[in-house]
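Chemist: After the sequence you'll find the predicted model.
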2 protein chains.
Amino acid sequence: MVRIKDIAQKCRVSISTVSKALNGASDLSDKTANRIKRVAADMGYIPNANARVLKTNRSHNIGVLFVDNTSSGLKHEYFSSMLNSIKVEAESKGFDITFISNLIGKDAKSYYEHAAYRGCDGVIIASVDFTDPQVVELVNSNIPTVTIDYTFNNRSSIMSDNIAGLEDIVNYLVKMGHSKIAFIHGEETAVTNKRLTSFYRTCKANGIQVPEDYVKNGLYHHPQSSGLATRELLEMKDRPTCIIYPDDYSMLGGITEIEKHGLKVYDDISIVGYDGIELSRFIRPMFTTYVQDSEQIGRLAADQLIETIENPLTTEAQMITVKGHLQEGKTVKALTN
Amino acid sequence: MVRIKDIAQKCRVSISTVSKALNGASDLSDKTANRIKRVAADMGYIPNANARVLKTNRSHNIGVLFVDNTSSGLKHEYFSSMLNSIKVEAESKGFDITFISNLIGKDAKSYYEHAAYRGCDGVIIASVDFTDPQVVELVNSNIPTVTIDYTFNNRSSIMSDNIAGLEDIVNYLVKMGHSKIAFIHGEETAVTNKRLTSFYRTCKANGIQVPEDYVKNGLYHHPQSSGLATRELLEMKDRPTCIIYPDDYSMLGGITEIEKHGLKVYDDISIVGYDGIELSRFIRPMFTTYVQDSEQIGRLAADQLIETIENPLTTEAQMITVKGHLQEGKTVKALTN
DNA sequence: CTGAAAGCGCTAACAT
DNA sequence: ATGTTAGCGCTTTCAG
C-alpha cells in the first residue's frame, strides 16, 4: 500500500507538500505539483478515506435509511427507483451511499448511533415509520437529514404531491362520468392521510357524497389485502363504478378479484392505480394510474441534503413538492348516462 | 462529541483501559469494566468507525457493485431482492453496505480504487459486464470479492442455476406436448450462454431439432425487444407453439404483441418466463416461469464474502450453485395430438 | 513556495 | 489489573 509518505520520500519533498499537491493547493509551484502527481499515479497511490475523515470530519458519505419491514422497501419500485436516483446524483457530486440500519452485528445501535458511528455527513430517510422514536432522534440530531414524504420541523423534505395526485384522479374520474368512486387506501401514514383528505375534498368539490363503506383499508404493496377490499366492494348492493387503489401493485390483487367475480376491468368496472411503475405501461390493459416522479424525488433529496451539508448555515430547511402526472391508460371507462 | 479520552478522564483511568472495557478485553476486572461501560453509556459515547478502521485495517464495510446501465440494475426485482438480502445478512453479521461506483465526484476512480479508498473489507459484484477491465482489476486485487452469476478463477461465486433452469423449462414443455419451442434470450453474457447451451442440449436430449430462427436475440428486462422478437416468431409460416422469454418482465412485451396479433396466451400460444418476480403470481394468467431464488443467492453471497474476510487463509474459493424451481402457472397449454 | 509538527480517535503491544 | 506509548494516514496551521 502506497502512502503519502512513500511519495514524499520518492520525490524528496515533505509529506505536507505531497498532500498539497494532491489536493490542488494554490501555494505550490505547478512544477512540483505536477511532478508529485505523476509519481503518485505511477506508484498507484490511493488515498485513504478513513484517515481523511478522521482529520477533516467530512466523510463524503451519505446514509440512506430505508426500512423494509414486510421487505416492501427495496422491492417497491417507487423506492428502488428513488434509491437509484439518489445514488446516481450523490455519486456525481462525490458522495457515497451507505445503508443505515439499527442492527449492526450483535449489539443494536440506534439509527443515529449508526450514522454517527460511520461519520455520515447526512442521511436521507424514506419508507419508514416517521413516528419511530429512533427516527425522531436522528432527525433531531446534529446530522443533517432530508426526509421523503414526511416533513419535520426545521428539516428539509421532498414530498410527492399526494394532494394533487388524488385531486387529479378524482377530477379525471368525474370527467369520465363517474360518481360512485371507491377508494382503497394503504395503512395509516402521513401519505395516506393526505390522499384521504384530498380524496374527500375533491369529491365534495364535485358534489359527490362518498358513502362510508366506499372507503376501505388496504395495505401498500399488498395485492391480497386490496383483493379482499375489492371483493367487499363488489359484493355491495350499490357497488361503485370505479375503484382507486393504493398502488399499482395492489391493483393487481384487485384485478384478480374482479375477474374472479366474472367481471371485466374497463367494461364492467373502472380502476385506477398509483405510482406508475414501469410495468403499468406494458401490461394490458395499460393502467390508468398516477405516476409519481420517483427519480426526480431521489435526485432532489440528494441535492438538498448535499446543499445542507455543504452550506449548513445558509441553507434553510425547505419542503419541496414534486408533482406527478396522470397516466391515462385503458382501465377507466367513460360513463355516459 | 464524546471521545474515549473523555470517558477516561471521568472514570480516572487511562484511555487504554477504557478501550479494553468497551471492547470486552479479558484482562480487566469486571468491576472497572462495568463502571466504564456505564459511564460511557451515560455520556452517550459513540465510537468512531473511521478511527477504528485506521488503526485496525478492518472496516466492517462491504462494497456492493451493481452497475445499472439502462438503469435496469436496481429496478430489476432479481437484483433488488438480492440486494435486500445481502443487506439483511451483512447487517446481521455486523457489516455495513456501501455502493461502489466508478464515478465519485469529478475524478473518475476505478472500482478497485473506490473500494480501496473506502477501505471495504470485501466486495460483492453483480449485474455488471464481467469482462470490463475494471471489474477484472477489482477481482484480481487484494480485496476479497464474491461474484454473482459469473465465476472467476480463485474467487468465490454464487450462481443461479441457469443450466437447471432451461433444462427444467424445456423438459416441462416437452411433457406438456410441445416440440416447437422458441427461445428469446437476453444479450450475450455468461448467463445467456449457459441458458442457450442448456436449451439446445435439453432439446436435443428430447429429440427436438431447433430451427435456427426459433432462437432470437432479445434484451434482459426490456419488453420492447422481446415484443419485437415475438412478432417475428408469430409471423413465421411454421410458428412455434411455445416461446421462452429472457425474463418475466420482458414476457409482458411478448404478451402485448401476442394480443396485438389477435392471439390468446395459453389458448393459441404458450409462453414461459424467467425470474419468478412477485408479480408473476398475482397477474392473470399466472405466469409459468422459472423462479430464481434471489434471496438465497444474496444471503449466500454475503455469507461467503464475510467468511472469506474473516478467514482469508482457510476459506477456499468456491462456486455455489443455487437452484430455483419451476412455477407452473397458466401460460402453458397441454398439447394433445 | 516548501516543510515541521501537531493531532483527528482509536487500538494494541508492551510495560508496570 | 491497569497504564504508557506509538502510530494508523492524513490535513493543516504556522514557520521558514
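Modeler: Thanks, I have the structure now.

Chemist: so who does residue A:163 touch?
Modeler: A:194-195, A:197-198 (CB atoms under 8 Å, 6 or more residues apart in numbering or on different chains). For the C-beta atoms, the positions are set from N, CA and C on the backbone; glycine is no exception.

Chemist: Can I have the buried ones of these as a ChimeraX selection?
Modeler: In ChimeraX, this line selects whichever of these come out buried by 16 or more other CB atoms under 10 Å in any protein chain shown:
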select /A:194,195,198
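
Chemist: By mean pLDDT, which helix or strand of chain A comes out lowest?
Modeler: helix A:72-75 (a mean of 68; mean pLDDT, DSSP states H and E).

Chemist: Adding distance to residue B:317, pLDDT and secondary structure, write the contacts of residue A:163 out as CSV.
Modeler: Supplementary listing: the contacts of residue A:163 in CSV, determined by distance: CB to CB, whole Å; pLDDT from 0 to 100; DSSP: H, G, I helix; E, B strand; the rest coil:
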residue, distance to residue B:317, pLDDT, secondary structure
A:194, 52, 96, helix
A:195, 51, 97, helix
A:197, 57, 97, helix
A:198, 56, 98, helix
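
Chemist: Phi first, then psi, for the residue of the stretch 151-300 of chain A at minimum distance from DNA strand D.
Modeler: Of the residues in the stretch 151-300 of chain A, the one nearest DNA strand D is residue A:156, at a distance of 25.8 Å by CB to the nearest atom of the strand. Note on residue A:156: backbone dihedrals following degrees, to the nearest 10 are phi -70, psi 150.

Chemist: and the gap between it and residue A:50?
Modeler: 28 Å (CB to CB, to the nearest Å).

Chemist: same deal with residue A:195?
Modeler: In terms of CB to CB, residue A:195 sits 44 Å off from residue A:50.

Chemist: what's the answer for residue A:89, then?
Modeler: 24 Å.

Chemist: So which residues of chain A form strands?
Modeler: Assigned by DSSP state E, chain A shows strands spanning A:61-66, A:96-99, A:122-126, A:145-148, A:156-160, A:181-185, A:215-217, A:242-244, A:270-275, A:289-291, A:319-322, A:325-327.

Chemist: Those strands into TSV, with extra columns for mean pLDDT and mean neighbour count?
Modeler: TSV is the format used below for the strands of chain A (pLDDT from 0 to 100; neighbours: other CB atoms under 10 Å in any protein chain shown):
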stretch	mean pLDDT	mean neighbour count
strand A:61-66	96	25
strand A:96-99	96	23
strand A:122-126	97	25
strand A:145-148	97	27
strand A:156-160	97	23
strand A:181-185	98	26
strand A:215-217	97	17
strand A:242-244	98	28
strand A:270-275	98	28
strand A:289-291	98	26
strand A:319-322	97	16
strand A:325-327	98	16
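
Chemist: Enumerate the residues of chain A near DNA strand D.
Modeler: Residues of chain A that fall close to DNA strand D, judged by CB under 7 Å from any atom of the strand: A:1, A:3-5, A:15-16, A:19-20, A:22-23, A:45, A:47-48, A:51-52, A:54-56.

Chemist: Please pick the buried ones from these.
Modeler: Using 16+ other CB under 10 Å, the buried members of the residues of chain A next to DNA strand D are A:3-4, A:19-20, A:22, A:45, A:47-48, A:51-52, A:54.

Chemist: show me which of these neighbour DNA strand C.
Modeler: Among these, DNA strand C is touched by A:20, A:51, A:54 when using CB under 7 Å from any atom of the strand.

Chemist: related to what we said a few turns ago, dump the strands of chain A into CSV; add distance to chain B as well.
Modeler: Output for those, formatted as CSV (distance: least, CB to the nearest CB, whole Å):
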stretch, distance to chain B
strand A:61-66, 7
strand A:96-99, 5
strand A:122-126, 13
strand A:145-148, 16
strand A:156-160, 18
strand A:181-185, 15
strand A:215-217, 18
strand A:242-244, 16
strand A:270-275, 13
strand A:289-291, 15
strand A:319-322, 18
strand A:325-327, 16
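
Chemist: Include distance to DNA strand C when you put these into CSV, please.
Modeler: Below are those laid out as CSV (distance: least, CB to the nearest atom of the strand, whole Å):
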stretch, distance to DNA strand C
strand A:61-66, 16
strand A:96-99, 18
strand A:122-126, 18
strand A:145-148, 21
strand A:156-160, 27
strand A:181-185, 46
strand A:215-217, 47
strand A:242-244, 52
strand A:270-275, 43
strand A:289-291, 46
strand A:319-322, 33
strand A:325-327, 48
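
Chemist: Can you say which of the ones you listed is nearest to residue B:270?
Modeler: strand A:270-275 (28.1 Å; CB to CB).

Chemist: tilt between that closest one and strand A:181-185?
Modeler: Taking axes from the mean of the first three to the mean of the last three CA atoms, to 10 degrees, one finds strand A:270-275 and strand A:181-185 inclined to each other by 30 degrees.

Chemist: Show me what strand A:270-275 is in contact with.
Modeler: Contacts of strand A:270-275 (CB under 8 Å, 6+ apart): A:77-78, A:165, A:169, A:173, A:176, A:178, A:241-251, A:254-255, A:258, A:265, A:280, A:287-292, A:331-333.

Chemist: That one: how far from the chain's middle?
Modeler: Chain-centre distance of strand A:270-275: 20 Å, with CA atoms, centre = their mean, to the nearest Å.

Chemist: and the angle from it to strand A:156-160?
Modeler: Using the same axes, to 10 degrees: strand A:270-275 against strand A:156-160 is 160 degrees.

Chemist: what ranges of the stretch 1-150 of chain A fall below the confidence cut-off?
Modeler: Where the stretch 1-150 of chain A drops to pLDDT under 70, the residues are A:69-73.

Chemist: can you give me the helices in it?
Modeler: A:4-11, A:15-22, A:30-43, A:49-56, A:72-75, A:77-92, A:111-118, A:133-139 (DSSP state H, counting those that start in this stretch).

Chemist: domain ranges for chain A?
Modeler: Chain A breaks down by automatic domain parsing into domains covering A:61-159+A:295-322, A:162-292.

Chemist: and the longest one, how far out from the chain's middle?
Modeler: Per CA atoms, centre = their mean, the displacement of domain A:162-292 from the mean C-alpha position of its chain is 22 Å.

Chemist: just to revisit the earlier point, need the strands of chain A in CSV with distance to residue A:37, can you?
Modeler: What follows is the strands of chain A, written out as CSV (distance: least, CB to CB, whole Å):
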stretch, distance to residue A:37
strand A:61-66, 25
strand A:96-99, 23
strand A:122-126, 31
strand A:145-148, 36
strand A:156-160, 38
strand A:181-185, 59
strand A:215-217, 62
strand A:242-244, 60
strand A:270-275, 48
strand A:289-291, 47
strand A:319-322, 40
strand A:325-327, 49
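
Chemist: Need the per-residue pLDDT for the residue lying closest to residue A:307 once chain neighbours are set aside.
Modeler: Excluding its sequence neighbours, the residue lying closest to residue A:307 (CB to CB, 6 or more residues apart in numbering or on different chains) is residue A:315, at 5.1 Å. Per-residue confidence (pLDDT) for residue A:315: 91.

Chemist: With neighbour numbers in mind, choose between residue A:89 and residue A:50.
Modeler: Using other CB atoms under 10 Å in any protein chain shown as the criterion, residue A:89 and residue A:50 rank with residue A:50 on top: 24 against 20.
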